[in-house]
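Visitor: predicted model, plus sequence, below.
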Amino acid sequence: MIYDALAGTASSTITPKGPKPSEKESQKSAKLPPCAACRMLTDSFKKGLERTSRSKFEGGDAAWEEEKMGSYKTSEVRLIEIQEHLCSEVERAQRQCEGLAEDHERLLEEWWFEGQAESLHEWLCIGKLSVCCPPHHYGPECTPCTGGAQKPCSGHGKCKGDGTRKGNGECQCDEGYNSTLCDVCASGYYESFRDDSKLLCSKCHKACNGPCTGAGPRSCVACKEGWRMETERGCMDVDECMTRSDPCPGNQFCVNNEGTFTCLMCDKACNGCNGDGPDMCDKCAAGYTLDESKAMCVDNSNAARERNLQMARYITYAGLTVATCIILQRHTVLAAVVGLSVAVYITASEYYLNYVHEPVEPSLQMPVSLSSNYAVDD
C-alpha cells in the first residue's frame, strides 16, 4: 500500500478536455519513482531544519519559554513551522511531495519526537517505508552492489539500482573501463597506473585504431585512416593534399589536418587556386584581371576606376602648370618660384599616393605553388 502511494495513481485513459496545462504546472504534477519521491520529501524537510536553525520562541522572555515549553530545537512549534513550508521550494513533482507529506504526517511526527538519532531519510525511506536502500545496495532485499558495498564496480562505475529497491546491481562502467567489475581498461585505453587498490586507464593517442601499449603514437597497435605506420615513429599523419592528385572538387583548395584534410573555397577572384587569397589563383574569375604589378587578380571595375582617377589627376597637374604660366608670364622670377613649388607638390603627391598611402601586404607577393607550402614526410 505504501509503495502504491509513493508511486502515484495510474493516469486515466480518458484525455481531459480544456486548455493545455502550462509547463510550470506540468512540472508540479510530474511523478517520481518511489525512492526519489521519498528523498525529495526528506530533502525538503532538511531545508526546513536549516531555515529554522536560528529561530526561537516568539515571546518576550525566551529563557522562561525554554524552561516551561522545552527547547525550541525539538519543540512542536518548530515542527509546525517546518511542515507549513514543506515542499514549497520543490519545482518538479511538487504535488506528489505535498501528497506524501500529508500521507505520512504521523511518521514525520514520530521521527521528530523519537527517532532523530538517525537521519530522516534512513529512518523513513529505508527503515519505515522500505522504498530505498542504503548506499551501494539495490533491489527488494537491499543486496550489496557488484564488487561489494565498500567499493562497488572497483570505483570506476555505477551500480544499477544503487540506493533503490530496483535494478540488478550490475556495473555500468565509466568511460575507459570494462569487464563485470570495471577493473580492466577498455579498447582504446591503456593502464597508466595500477597497484593493489587502484587502476587508472588513460586514452590512447588519437592516431591509434583500437588498443595501444602506452602513451603517444609509437604505442599504437594499428593506425586509423589518415595515418600510416612507420617503424621508428609509429603512426604518422598522411598529408592527403600531397598524396592525392586531386583531393578537392571544383573551385576549392586543400588544407591538411592531423588524420584528415579540409577543402576550402577559393577566393571569389579565382577560377581554381592553390591557397587562400586573390594572389593564389590559377586563373582569374570572370570580371577579374591579373594585376601584374601586384601579382594578384583584381576587380575589373576597380581597375578601370583607378585608371580614370589617375588620368584626372594628371590633367589637374597639367592645368595647374598652364595656369601658373599664363597668370605670371610678366614676372619671370615669381613664375619660376611658383612653377618650382608646383613641381615639388606634384612630385610629393605622386610619391605619397604610390608608396606611402598603400600599405605593404603579404598578399602582394608573387604566387607560390601548393607544394612549396607543405613538406613531405620523411
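Guide: Alright, I've got the coordinates.

Visitor: quick one, strands of the chain?
Guide: Along the chain, counting by DSSP state E, strands occupy 137-138, 143-144, 157-159, 171-173, 177-178, 184-185, 189-194, 199-203, 227-230, 234-237, 252-257, 260-265, 288-291, 296-299.

Visitor: residue 251 and residue 271 touch, don't they?
Guide: Yes: counting by Cβ atoms under 8 Å, residue 251 does reach residue 271; the two are 6.8 Å apart. (C-beta placed from N, C-alpha, C; glycine too.)

Visitor: can you tell me which of the strands of the chain comes nearest to residue 37?
Guide: Residue 37 lies closest to strand 137-138 among the strands of the chain, at 17.6 Å (Cβ to Cβ).

Visitor: neighbours around residue 126, how many?
Guide: For residue 126, the neighbour count with other Cβ atoms under 10 Å is 21.

Visitor: residue contacts, it?
Guide: For residue 126, the contacting residues are 132, 133, 134, 142, by Cβ atoms under 8 Å, 6 or more residues apart in numbering.

Visitor: distance of the residue nearest to residue 118 when sequence neighbours are not counted from residue 191?
Guide: Spatial nearest neighbour of residue 118, excluding adjacent residues (Cβ to Cβ, 6 or more residues apart in numbering): residue 127 at 7.9 Å. Separation of residue 127 from residue 191 (Cβ to Cβ, to the nearest Å): 42 Å.

Visitor: what does residue 232 give?
Guide: Between residue 232 and residue 191 the distance, using Cβ to Cβ, works out to 24 Å.

Visitor: neighbour count winner among these two?
Guide: Neighbours were counted for residue 232 and for residue 191 using other Cβ under 10 Å; residue 191 has more, 13 against 7.

Visitor: pretty sure the more buried one contacts residue 199?
Guide: Yes: judged on Cβ under 8 Å, residue 191 makes contact with residue 199 at a distance of 6.8 Å.

Visitor: between those two, which contacts overlap?
Guide: What both residue 191 and residue 199 touch, as defined by Cβ under 8 Å, 6+ apart, is the set residue 185.

Visitor: list phi and psi for residue 259.
Guide: Dihedral pair for residue 259: phi 80, psi -10, per degrees, to the nearest 10.

Visitor: that one: neighbour count?
Guide: Residues near residue 259, counting by other Cβ under 10 Å, number 16.

Visitor: over to the one 3 residues further on?
Guide: Residue 262 is surrounded by 14 other residues when neighbours are defined as other Cβ under 10 Å.

Visitor: distance check, the closest residue to it other than its chain neighbours against residue 86.
Guide: Nearest residue to residue 262, sequence neighbours excluded (Cβ to Cβ, 6+ apart): residue 255, at 4.7 Å. Note on residue 255: its distance to residue 86, by Cβ to Cβ, is 62 Å.

Visitor: these two: which is more packed in?
Guide: The residue with more neighbours, out of residue 255 and residue 86, is residue 86; 21 against 17, by other Cβ under 10 Å.

Visitor: wait, doesn't the more buried one sit right on residue 101?
Guide: Yes: assessed by Cβ under 8 Å, residue 86 is found in contact with residue 101 at 4.9 Å.

Visitor: overlap in contacts, those two.
Guide: In contact with both residue 86 and residue 101: 41, 44, using Cβ under 8 Å, 6+ apart.

Visitor: good, we can wrap up now.
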